[in-house]
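Participant: pasting the structure only:
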């Protein structure tokens, strides 16, 4: 007599069931960027400033903006706390607001994005040279006007 095999059983479809023990490749892959980042990137200096951010499309046009808070700054990267996540590899433009000054523009590529807790994401952005593009200048000027008003 053979054992009953309910519909949806893995044997009915010709593949093996998942191994016991809770091993998941996704959990191991999630730890890899953390290890890579901490070994290759020196920590930046603590830096606290409010900023506006926007993702850049392939035509170098800014999309919808959001606010974030800077946490660390170095010559090569900036770390932000943001309520919005970004995919790794996306280009972003930042307008950093300091007291009594025009917004300082920064441009970069998202190197890492991970959930930091309490609804915030930790964005690690590699800084790049800011391209001279009309849409980027217009976006930065609009951020300066919003702060003055």
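Facilitator: All right, it came through fine. Values in this document were obtained by computation on a predicted structure and should not be read as measured data.
Participant: Pull the number of nearby residues for residue 118.
Facilitator: For residue 118, the count of nearby residues is 7 (other Cβ atoms under 10 Å). In short, each C-beta sits where N, CA and C put it, glycine included.
Participant: What are the phi and psi values at it?
Facilitator: Main-chain dihedrals, residue 118, degrees, to the nearest 10: phi 50, psi 40.
Participant: Could you measure from it over to residue 78?
Facilitator: Separation of residue 118 from residue 78 (Cβ to Cβ, to the nearest Å) stands at 21 Å.
Participant: same question, residue 142
Facilitator: 21 Å.
Participant: And the two? Which one has more around it.
Facilitator: More crowded of residue 142 and residue 78, by other Cβ under 10 Å: residue 78, with 24 against 15.
Participant: So the more buried one sits against residue 109, correct?
Facilitator: No. In this structure residue 78 lies outside contact range of residue 109 using Cβ atoms under 8 Å: 11.3 Å.
Participant: Residues that sit against both of the two, list them.
Facilitator: Here residue 78 and residue 109 have residue 125 as joint contacts, going by Cβ atoms under 8 Å, 6 or more residues apart in numbering.
Participant: mind listing the helices in this protein by residue range?
Facilitator: In the chain, the helices defined using DSSP state H lie at 10-13, 25-40, 134-148.
Participant: ranking the ones you listed by mean pLDDT, which is last?
Facilitator: Among the helices of the chain, helix 25-40 carries the lowest mean pLDDT, a mean of 47.
Participant: Residue 77 bridge partners, please.
Facilitator: Beta bridges link residue 77 to residue 126, judged by DSSP bridges.
Participant: Pretty sure it sits against residue 128.
Facilitator: No. Applying Cβ under 8 Å, one finds residue 77 not in contact with residue 128, separated by 10.3 Å.
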